[in-house]
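Peer 1: test case, fold it:
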Amino acid sequence: HELGEGPQPCQPERFGDAVLARRDVPASYHLCVTHDDAMQGVSLVTRGVDLRPATALHRLLQHIMGWPAPRYRHHPLLCDATGRRLAKRDGAACVRAMRMAGMTPRQVCRAAGVSDHISAVSSAVGSL
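Peer 2: The predicted model follows:
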């Protein structure tokens with residue numbers, strides 16, 4: 001269930017055989033994140049649109065393991081003026097740094113492309 005869009009069709013077979021563990025890594029991101037969400041009682045998962053395709057695999061794992069199905073919200077990625085995705089690995093500022101640099105909660109929300117939910121998100125960002 002995508003917040004604001006409703007139920008979404010899933011075609012996890014597009015992934016083929018998903019790697020859930022390897023000798024050098026005890027469990028994959030996909031298995032760990034779905035298990036962690038279930039154990040913490042997460043009911044709404046908010047991630048960037050770059051992870052939207054993995055949602056079908058996550059829903060399949062949740063179903064197979066008997067874990068609850070959260071709702072999802074995928075937001076646009078924060079980008080710089082050239083359209084390049086902001087990432088910590090590239091030294092991009094985190095929300096806290098943006099706020100410390102003087103950006104208002106409203107400006108941070110607009111940069112995140114969540115102006116449609118700006119009042120709720122502004123309240124959450126304002127407390128950081």
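
Peer 1: C-alpha from now on. contacts and neighbour counts both.
Peer 2: OK.

Peer 1: now do the SS call for the closest residue to residue 15 other than its chain neighbours.
Peer 2: Spatial nearest neighbour of residue 15, chain neighbours left out: residue 57 (7.6 Å); criterion: C-alpha to C-alpha, 6 or more residues apart in numbering. Put simply, residue 57 is helix when judged by DSSP: H, G, I helix; E, B strand; the rest coil.

Peer 1: burial count for residue 57?
Peer 2: 21 (other C-alpha atoms under 10 Å).

Peer 1: need the contact list for it.
Peer 2: Counting by C-alpha atoms under 8 Å, 6 or more residues apart in numbering, residue 57 makes contact with 12, 15, 30.

Peer 1: who does the residue positioned nearest the centre of the chain form a beta bridge with?
Peer 2: Centroid-nearest residue in the chain, with C-alpha atoms, centre = their mean: residue 47, separated by 1.1 Å. Assessed by DSSP bridges, residue 47 has beta-bridge partners residue 74.

Peer 1: and the gap between the most far-flung residue of the chain relative to its centre and residue 35?
Peer 2: Computed with C-alpha atoms, centre = their mean, the residue of the chain farthest from its C-alpha average is residue 23, at 27.2 Å. For residue 23, the distance to residue 35 (C-alpha to C-alpha, to the nearest Å) stands at 20 Å.

Peer 1: and if you look at residue 50?
Peer 2: Counting by C-alpha to C-alpha - residue 50 and residue 35 are separated by 20 Å.

Peer 1: residue 11 now?
Peer 2: Residue 11 is 21 Å from residue 35, by C-alpha to C-alpha.

Peer 1: ok, these two, which is more surrounded?
Peer 2: The residue with more neighbours, out of residue 11 and residue 35, is residue 35; 17 against 12, by other C-alpha under 10 Å.

Peer 1: and that one, how far from residue 104?
Peer 2: For residue 35, the distance to residue 104 - C-alpha to C-alpha - is 35 Å.

Peer 1: can you give the domain ranges for this structure?
Peer 2: The chain breaks down into these domains under automatic domain parsing: 1-75, 77-128.
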